[in-house]
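Participant: quick one, what's the 3D model for this:
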Amino acid sequence: MEKIPPMTNPIDKAHATTKLLDFIRQMPSLSTTATKVLQVCNTPAPAPNDLNRVISLDPVLAGKVLKLINSAYYARRNKINSLTRAIIMLGINTIKNLVLSTAIVKSVTNSAISRTIDMNAFWSHSIQVGVTARLISREMGIPALDQEFFFLAGLMHDLGKIPMSSQFPDVYDRILDISHNPACEICRAEEQLLGLTHCDVGQMIAGKWDLGEEMATAFTHHHHIRMHGESSDQVGWIIEMADIHTRLTKTSPDETTIQLNSAEISPELELLSRKAGISPETLGEFDDTISVEMDSAKAFLNL
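Facilitator: Down below sits the predicted model:
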């Protein structure tokens, strides 16, 4: 690990934490529709008709659900025009996580005031991590009902960077410059220059939106092997595996295809691949599927 030069005026951790918590408290709450959808989905026996009543009151969201079920990803021969049927076909968990992801993207986009982070690149990376995490969970045989969680966790894994870059743009710009060197792990740079990492700040956001312990774990542990040399629990290491895979892929200039360069597979990715029971060759075979699923996710999220 390359030594990071000390700052002339280091940021005090307590001061940084206070400013970041203030920023997070002022972030918009989730939309009324998203809150109601979560309430329905969290009941003991959520019914498609109950979701239909909530979603139908939001024409934009209803249109997105129908657009998704009729997208190339689902390859349906006959167009689906019934919202209830679309909900049944997609499944309660898919609807829950897609509604939540839409609400969070909107909330973060509305609160993100940063000259440091390119938000288009940020969301493109986040979506690719989400799609890759879902594919990894699918390849591992994780139940289909749980696979959408990994997409959502991957989509949100870097949200902690938004408050940090917004509140401390000059410092975070330096952190990003330092982290371009493969020898410099970004969390180590964040910790040294701000006293805490985007994983820590992500946990604060999970608390703000009451996203639950499992999602908070995805926020806090997705750099665990790179920081500590060992893997964490399943949620954390699957998101970390997807994150490392995404950073090792090359995207075509027109962003229509991605490719994993097998010659650049890192020791961390090899370790996690063995843990997941997925060969590097299988990881390479994900590429075409990732491109298709990314297009579908971007269309749904208007990104």
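
Participant: quick check: closest non-adjacent residue to L57.
Facilitator: Excluding the flanking residues, the one nearest L57 by C-beta to C-beta, 6 or more residues apart in numbering is T33, at 7.0 Å. Using the backbone N, CA and C atoms, a C-beta is placed for each residue, glycine as well.

Participant: no, scratch that, I was asking about C187
Facilitator: C187's closest residue in space is T197 (C-beta to C-beta, 6+ apart), at 4.2 Å.

Participant: now the residue nearest to L57: how far from K96?
Facilitator: Using C-beta to C-beta, to the nearest Å, one gets 12 Å for the distance from T33 to K96.

Participant: still on that earlier bit, okay, the residue nearest to C187: pLDDT?
Facilitator: In the prediction, the pLDDT value recorded for T197 is 95.

Participant: pull the contacting residues for it.
Facilitator: With contacts taken as C-beta atoms under 8 Å, 6 or more residues apart in numbering, T197 has the following neighbours: 160, 186-187, 190-191, 223.

Participant: can we see that at 7 Å?
Facilitator: Going by C-beta atoms under 7 Å, 6 or more residues apart in numbering, T197 touches 187, 190-191.

Participant: quick one: contacts of the helix or strand that contains A121?
Facilitator: Secondary structure here is read from DSSP states H and E; on that basis A121 sits in helix 119-139. Residues from elsewhere that reach helix 119-139, judged by C-beta under 7 Å, 6+ apart: 109, 112, 146-148, 150-155, 157-158, 238-239, 241-243, 245-246, 276, 278, 282, 286, 289-290, 293-294, 297-298, 303.

Participant: let's see that with 6 Å instead.
Facilitator: The contact list for helix 119-139 (C-beta atoms under 6 Å, 6 or more residues apart in numbering) reads 112, 147, 150-151, 154-155, 158, 238-239, 242-243, 245-246, 276, 278, 286, 290, 293-294, 297, 303.

Participant: could you pull out the buried residues of it?
Facilitator: In terms of neighbour count (16 or more other C-beta atoms under 10 Å), helix 119-139 has its buried residues at 122-137, 139.

Participant: just the CA coordinates of that helix, formatted as PDB?
Facilitator: Output of helix 119-139 as PDB, limited to C-alpha atoms (Å, rounded to 0.1, in the frame of the first residue of the first chain):
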ATOM      1  CA  MET A 119     -23.100  11.100 -11.400                       C
ATOM      2  CA  ASN A 120     -23.600   9.400 -14.800                       C
ATOM      3  CA  ALA A 121     -20.400   7.300 -14.200                       C
ATOM      4  CA  PHE A 122     -21.400   6.700 -10.600                       C
ATOM      5  CA  TRP A 123     -24.800   5.300 -11.500                       C
ATOM      6  CA  SER A 124     -23.400   3.200 -14.400                       C
ATOM      7  CA  HIS A 125     -20.900   1.600 -12.000                       C
ATOM      8  CA  SER A 126     -23.500   1.100  -9.300                       C
ATOM      9  CA  ILE A 127     -26.000  -0.600 -11.800                       C
ATOM     10  CA  GLN A 128     -23.300  -2.800 -13.100                       C
ATOM     11  CA  VAL A 129     -22.300  -3.900  -9.600                       C
ATOM     12  CA  GLY A 130     -26.000  -4.600  -8.900                       C
ATOM     13  CA  VAL A 131     -26.600  -6.600 -12.000                       C
ATOM     14  CA  THR A 132     -23.300  -8.600 -11.400                       C
ATOM     15  CA  ALA A 133     -24.200  -9.300  -7.800                       C
ATOM     16  CA  ARG A 134     -27.600 -10.600  -8.900                       C
ATOM     17  CA  LEU A 135     -25.900 -12.900 -11.500                       C
ATOM     18  CA  ILE A 136     -23.500 -14.200  -8.900                       C
ATOM     19  CA  SER A 137     -26.400 -15.000  -6.500                       C
ATOM     20  CA  ARG A 138     -28.200 -16.700  -9.400                       C
ATOM     21  CA  GLU A 139     -25.100 -18.800 -10.300                       C
END
